[in-house]
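S.K.: Take a look and give me a structure for this.
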Amino acid sequence: MKIKQNYLIEANNLVKFYKDGETLIRILDNINICISYGEIISIVGISGSGKSTLLQIIGLIDKPNSGSLKICNHDINYQDNSNINYLKKFKISFIYQTHHLISELNILDNVAMPLLLHRKNFLEARKAAYFELEKVGLLKKGHLYPYQLSVGEKQRVSFARALITQPICILADEPTGSLDYENSQHIIELFKYINNTKHTSIIIVTHDNKLSKIADNKFSINNGKLTKL
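M.R.: Here you go, the predicted structure:
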């Protein structure tokens, strides 16, 4: 008897469209994808192809017009805000092309912020932030503010912030898009490290061929259709 595999993420027949007057614009057209625990996935496609929309739906920031989504073997019910909020807080983290750091906070407190928002003890949150900053090689800069860091360092801080909740899945939207070669390599090595040591699943939307090469499986999206490469 064939044993059904448990996937981290299962998306079935996802459809997303917008209306522009009388015109229906289909962004995602019956998307099907299964992502295993510990798997790295890359998704490529031209601007406007639906890559980021798919990432936002998987990350529970947006919802499809039709289709189903299952995360950690639980069917996503968009009326169940408590379950969705739990998954967003503790299971899924985002890394964007821009760092979105809070300019009024130093680096240490920027990294600790997700835990503080979850009402974690202040000292425990800071201790965890120290640990994550050490991973990305910025422990000695925890007292500095975002304006005092380079673009590459800011992105590494955003990486540390994404890791602090110990997510099982990281969703990365063009994480090396604003970086030079050297800093891109730093981010690529960090992705490989967290995948190898924590078995974290990673879904990357990217135009960066070097970053795409670390993926276990690669996909392209064009006119709302997802194709395995």
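S.K.: going forward, measure contacts and count neighbours with C-alpha atoms only.
M.R.: OK.
S.K.: Spit out the contact partners of Cys34.
M.R.: 7-11 (Cα atoms under 8 Å, 6 or more residues apart in numbering).
S.K.: Quick one: find the helix or strand in this structure with the lowest mean pLDDT.
M.R.: helix 81-90 (a mean of 84; mean pLDDT, DSSP states H and E).
S.K.: for it, the distance to its chain's centre please.
M.R.: The gap between where helix 81-90 is centred and where its chain is centred comes out at 15 Å by Cα atoms, centre = their mean, to the nearest Å.
S.K.: got the buried residues for it?
M.R.: 84, 87-90 (16 or more other Cα atoms under 10 Å).
S.K.: Looking at the nearest residue to Cys169 once chain neighbours are set aside now. What's its pLDDT?
M.R.: Spatially, and ignoring its direct neighbours in sequence, Cys169 is nearest to Ser201 (4.6 Å; Cα to Cα, 6 or more residues apart in numbering). Listed pLDDT for Ser201 reads 96.
S.K.: Would you map the strands across this structure?
M.R.: Remark: strands assigned in the chain by DSSP state E are 9-20, 23-35, 40-44, 66-71, 74-75, 92-95, 169-173, 201-205, 217-222, 225-228.
S.K.: could you dump those to TSV with distance to Gln56?
M.R.: As requested, those are arranged in TSV below (distance: least, Cα to Cα, whole Å):
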stretch	distance to Gln56
strand 9-20	11
strand 23-35	12
strand 40-44	13
strand 66-71	12
strand 74-75	17
strand 92-95	9
strand 169-173	9
strand 201-205	11
strand 217-222	15
strand 225-228	15
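S.K.: Would you single out the least confident of the ones you listed?
M.R.: strand 74-75 (a mean of 88).
S.K.: Check this protein and tell me which residue is nearest its centre.
M.R.: Leu171 (1.4 Å; Cα atoms, centre = their mean).
S.K.: ok, what's across the strand from it?
M.R.: Phe94, Ile203 (DSSP bridges).
S.K.: ok, it to Ala129 distance?
M.R.: Distance, Leu171 to Ala129, by Cα to Cα, to the nearest Å: 20 Å.
S.K.: Can you name the residues that contact Pro175?
M.R.: Pro175 touches 95-98, 155, 187, 204, 206, counting by Cα under 8 Å, 6+ apart.
S.K.: Out of those, flag the one nearest to Gln166.
M.R.: Nearest to Gln166, judged by Cα to Cα, of these is Ile95 at 13.8 Å.
S.K.: my guess is Arg26 contacts Tyr18, does it?
M.R.: Yes. If you go by Cα atoms under 8 Å, Arg26 and Tyr18 touch, sitting 6.5 Å apart.
S.K.: Looking at the two, which has the bigger crowd around it?
M.R.: Taking neighbours as other Cα atoms under 10 Å, Arg26 and Tyr18 compare with Arg26 leading, 15 against 11.
S.K.: how near is the more buried one to Asn223?
M.R.: From Arg26 to Asn223 the distance is 8 Å (Cα to Cα).
S.K.: Next: Lys198.
M.R.: Counting by Cα to Cα, the gap from Lys198 to Asn223 is 35 Å.
S.K.: same deal with Leu60?
M.R.: Leu60 sits 22 Å away from Asn223, going by Cα to Cα.
S.K.: Go through stretch 49-65 and flag the buried ones.
M.R.: For stretch 49-65, using 16+ other Cα under 10 Å, the buried residues are 49-60, 63-64.
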